[in-house]
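In: Generate a structure from the sequence data that follows.
(2 chains)
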Amino acid sequence: MTGFSATQVVHTHAMVPVDLSQHLNNIALTDFETLSNGRLNVWSNSLPMETLRADHIQVGRVGFAGSKATGTEPDNIRCAGQYVDLPEMNADWIHILATSERRCEEEVGVHYTSGAVAGEWIRVSDFLPARAHFGEMAAARSFAMHYPHHRQEDLRGQVWCVRVPVTRWEAVRGLRLPDNPALHIFAASVEGVL
Amino acid sequence: MTSVDPVLPWYDDLASCLQIDIGHVLELQGWDPVQVLGAGWRFRTPQGPVEPVEYFHPAGERLQEEFCLYHPVRLTWHEPRDPRTAHDDVIDALTRVRGVIVAVNNFHLPFRPAYHDVHAAHLIIVTGWDERRELYRVIDPMPPAYSGTLPRSVLEKARRDISVDHKSDPFFAGSRPAWRWLEVVATGPQPRADMAWVDKVMSTNIAALNRPDQGPHALATYLFELPRRIERHGSRALREIYVLGWPAQAEAAFHSAFLYRMATRFERPDLADAASSVGRVAHAWTGFRIAAAHAAAEDEPTSASATARVEDLGKRLLMTWEQCMHRLRGSFGRKP
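Out: Coordinates of the predicted model:
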């Protein structure tokens, strides 16, 4: 049998956060005073603010910018086909911190500096009690569920860490989000191997 | 026992209390719930009104003709007229089966998140009755999941006071299913799913879903008529999409789970491919249902932009489903 012998190669991974601030359009994180502002689903559920850390969110080897949730200002993007600028860089993965009002499997468009666009899948499980249907990493689990009029202590919500592959050998430039109001995106980071 | 996670290993978050409770009652009798819930795959649009309850099914009284297919199961809805009969019926049924499914209003159940907050029509399972203490034993497998006792007075209130007309839950408002219960009876042993059985089930499903009043054809007709329906019924037409899409989405999800399981059991990658494709249909229901739900809740539910998005997501579901059928026909449709 011919072939390569196994060798160990060490690479440096750069994780660059994506600025989503101009697209935030939905409140999914609330505290006790702002319960009724939650709009994570049509029943106005939301997750307790402490579910996502404010300084830096680390999920396995993936890092994201912390959440700036206030309970009164939008803290996530509810997907409606927005185009998000990405840091221009050679990348391998686009990591996304997301959750869904029922699990969904949607197409995103990865835009490249040459002008090329490649459609890829994004798959996100439910924010209500559910398993990681698509094999995602659980990024955060809440200790309660917020309802417009009360806090339910025995129901946990969740946010998932999913990734979209970058298949072309050239720099990325942007990401076209799906048009699906079920899908909520809290943060994104582009990972490149140097 | 209260849990923060789904307690049933086969629980699917796309299912409603209808599929989960039927599956669990049969599981209590030793059946494989995924096989009974997921072997068949059908879809038909409702012929009559869409009752605003979580457990709505387009087949209505003829549930067993479209669900739990290829299995000897009898599914019968009962509507006793008074509390005495409602109680006696359940106790009598418990002498024959391990669990009886009853319709309740979540507003009155202390273990539901909607307790004293939101009126919502739901199903739970009664598994026992303690005559001396006047306590039912009940199971609610839907998160946050409960298994324990419930005083007769509480369950009776939840079964009686079930009219859902509270403005906090517009989706399930207006229904009055008092005292209703569902009898799930296995009339024979569960069939053994060998490879020949699975292939036969697949080709029968494909043939059924290809009929003009079934599957993607039925959805296409529904979508064609949708603009007129929205014009005529306003936000009610949008809310109905959410309700009628629930069993459709759940059943596609269980069919996918069933196929994945068979793929593993028989080491058949073609079944795993089919499972993935059917799963995509289940997931495509999300956008259509959720867009309709949000549009219905908007100040101007029938604005051109809101309804255009719903119709768009409906068409995408249809394309996903047609693609899936194309794939299934290629893999299984030609087999005898």
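In: Show me which residues of chain A are close to chain B?
Out: Applying C-beta under 8 Å from any C-beta of the partner chain, one finds that chain A approaches chain B through A:41-43, A:100-106, A:123, A:125-126, A:128-131, A:133, A:145, A:147-150, A:152, A:154-156, A:178-182. No exception for glycine: its C-beta is placed from N, CA and C like everyone else's.
In: which of those residues are buried?
Out: Using 16 or more other C-beta atoms under 10 Å in any protein chain shown as the burial test, the residues of chain A next to chain B include A:41-43, A:100-106, A:123, A:125-126, A:128-131, A:133, A:145, A:147-148, A:150, A:152, A:154-156, A:178-182 as buried.
In: Neighbouring strands - and their directions - for the longest strand anywhere in chain B?
Out: Criterion DSSP state E: the longest strand present in chain B is strand B:121-130. Note on strand B:121-130: by DSSP bridges, its sheet partners are strand B:100-105 (antiparallel), strand B:135-140 (antiparallel).
In: which stretches of chain B form strands?
Out: Ranges of strands in chain B, per DSSP E, are B:73-78, B:100-105, B:121-130, B:135-140, B:146-151, B:181-186.
In: what's the spacing between B:Asp117 and chain A?
Out: Using C-beta to the nearest C-beta, to the nearest Å, B:Asp117 is found at 6 Å from chain A.
In: what sits against that residue?
Out: Neighbouring residues of B:Asp117 by C-beta atoms under 8 Å, 6 or more residues apart in numbering or on different chains: A:Tyr147, A:His149, A:His150, B:Phe107, B:Ser168.
In: What is the nearest of these to A:Ala187?
Out: The closest of the contacts of B:Asp117 to A:Ala187 turns out to be A:Tyr147 (C-beta to C-beta; 24.8 Å).
In: Surely the closest one is in contact with A:Asn45?
Out: Yes - counting by C-beta atoms under 8 Å, A:Asn45 is a contact partner of A:Tyr147 at 6.2 Å.
In: quick one: low-confidence ranges for chain A?
Out: Applying pLDDT under 70 to chain A picks out residues A:1-3.
In: Within its sheet, name the partner strands of the longest strand anywhere in it and how each one runs.
Out: Criterion DSSP E: the longest strand present in chain A is strand A:183-193. With DSSP bridges as the test, strand A:183-193 is paired with strand A:13-17 (antiparallel), strand A:77-78 (antiparallel), strand A:93-100 (antiparallel).
In: What separation do you get for the closest residue to chain A within the stretch 51-200 of chain B and B:Val7?
Out: Proximity to chain A, evaluated over the stretch 51-200 of chain B using C-beta to the nearest C-beta, is greatest for B:Pro143 at 3.8 Å. Going from B:Pro143 to B:Val7 by C-beta to C-beta, to the nearest Å gives 8 Å.
In: ok, now B:Arg84?
Out: As judged by C-beta to C-beta, B:Arg84 and B:Val7 stand 33 Å apart.
In: Ok, B:His71 next?
Out: Separation of B:His71 from B:Val7 (C-beta to C-beta): 23 Å.
In: B:Asp270 and B:Gly330 touch, don't they?
Out: No - taking contacts as C-beta under 8 Å, B:Asp270 lies outside contact range of B:Gly330: 9.9 Å.
In: more neighbours, B:Arg84 and B:Val7?
Out: B:Val7 (20 against 9; other C-beta atoms under 10 Å in any protein chain shown).
In: Count the neighbours of the nearest residue to that one once chain neighbours are set aside for me.
Out: The spatial neighbour of B:Val7 that comes closest, neighbours along the chain excluded (C-beta to C-beta, 6 or more residues apart in numbering or on different chains), is B:Ala145 at 4.6 Å. Neighbourhood size, B:Ala145 [other C-beta under 10 Å]: 21.
In: Same question for B:Asp82.
Out: Using other C-beta under 10 Å, B:Asp82 has 11 other residues around it.
In: Chain B: helices as residue ranges?
Out: For chain B, the helices defined by DSSP state H cover B:17-28, B:33-38, B:63-66, B:83-93, B:152-160, B:195-209, B:215-233, B:235-265, B:269-297, B:304-328.
In: And B:Gly43, how close does it get to chain A?
Out: Careful, residue B:43 is Phe; it's not Gly. 18 Å.
In: quick one, what contacts that residue?
Out: Contacts for B:Phe43 (C-beta under 8 Å, 6+ apart) come out as B:Leu209, B:Gln214, B:Gly215, B:Ala218, B:Leu219, B:Ala248, B:Glu251.
In: wait, isn't the third one in contact with B:Leu209?
Out: Just to be clear, that refers to B:Gly215. Yes - counting by C-beta under 8 Å, B:Leu209 is a contact partner of B:Gly215 at 3.3 Å.
In: sorry, back to before: identify whichever of the strands paired with strand A:183-193 lies nearest to B:Ala186.
Out: B:Ala186 lies closest, by C-beta to C-beta, to one member of the strands paired with strand A:183-193: strand A:93-100, at 35.3 Å.
In: just to revisit the earlier point, tell me the most buried of the helices of chain B?
Out: Of all the helices of chain B, helix B:33-38 has the most neighbours on average by mean count of other C-beta atoms under 10 Å in any protein chain shown, namely a mean of 26.
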